[in-house]
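Novice: Next comes the sequence, and after it the predicted model I'd like to discuss.
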Amino acid sequence: MSRNGTGRGNWGWAAVLIAVGVVGLLSNFGLIDRPTLQQLWKLWPVIPLAIGVGILIQRSGSDRDRP
């Protein structure tokens, strides 16, 4: 159970881990070449930004539900 009691807190981390695993598998099978991996690595800051935005949206939505 997550801290907020809804069980949704771990979905973001699960999605990140799945995405990293998929990229790793594709690389191991030779379906993604080194230049493509280098381009993906340049975009890694998007991951924490997306997680942060998701947290903010989730919290602002839960604040509206309170009386």
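Specialist: Done, it's in.
Novice: Name the helix or strand for A14, please.
Specialist: helix 11-28 (DSSP states H and E).
Novice: mind listing what's buried in that helix?
Specialist: 12, 23 (16 or more other Cβ atoms under 10 Å). Quick note: C-beta positions are derived from backbone N, CA and C, even for glycine.
Novice: Run through the neighbouring helices and strands of it.
Specialist: helix 34-42, helix 46-65 (3 or more Cβ pairs under 8 Å, 6 or more residues apart in numbering; DSSP states H and E).
Novice: gap between it and the chain center?
Specialist: Offset of helix 11-28 from its chain centre (Cα atoms, centre = their mean, to the nearest Å): 9 Å.
Novice: Stretch 20-32 too?
Specialist: Put simply, stretch 20-32 sits 17 Å off its chain's centre (Cα atoms, centre = their mean).
Novice: returning to what we had before: quick one: the helix holding A14 to helix 46-65, angle?
Specialist: Per axes from the mean of the first three to the mean of the last three Cα atoms, to 10 degrees, the angle that helix 11-28 makes with helix 46-65 is 160 degrees.
Novice: can I get the CA coordinates of helix 11-28 in CSV?
Specialist: C-alpha atoms of helix 11-28 as CSV (Å, rounded to 0.1, in the frame of the first residue of the first chain):
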residue,chain,number,x,y,z
TRP,A,11,2.4,3.0,-10.8
GLY,A,12,4.8,5.7,-12.0
TRP,A,13,7.9,3.8,-10.8
ALA,A,14,6.6,0.6,-12.3
ALA,A,15,6.1,2.3,-15.7
VAL,A,16,9.7,3.7,-15.5
LEU,A,17,11.1,0.3,-14.7
ILE,A,18,9.2,-1.4,-17.5
ALA,A,19,10.3,1.2,-20.0
VAL,A,20,14.0,0.8,-18.9
GLY,A,21,13.6,-3.0,-19.2
VAL,A,22,12.1,-2.8,-22.7
VAL,A,23,14.8,-0.5,-23.9
GLY,A,24,17.4,-2.9,-22.4
LEU,A,25,15.9,-5.9,-24.1
LEU,A,26,15.6,-4.2,-27.4
SER,A,27,19.2,-3.2,-27.2
ASN,A,28,20.3,-6.8,-26.3
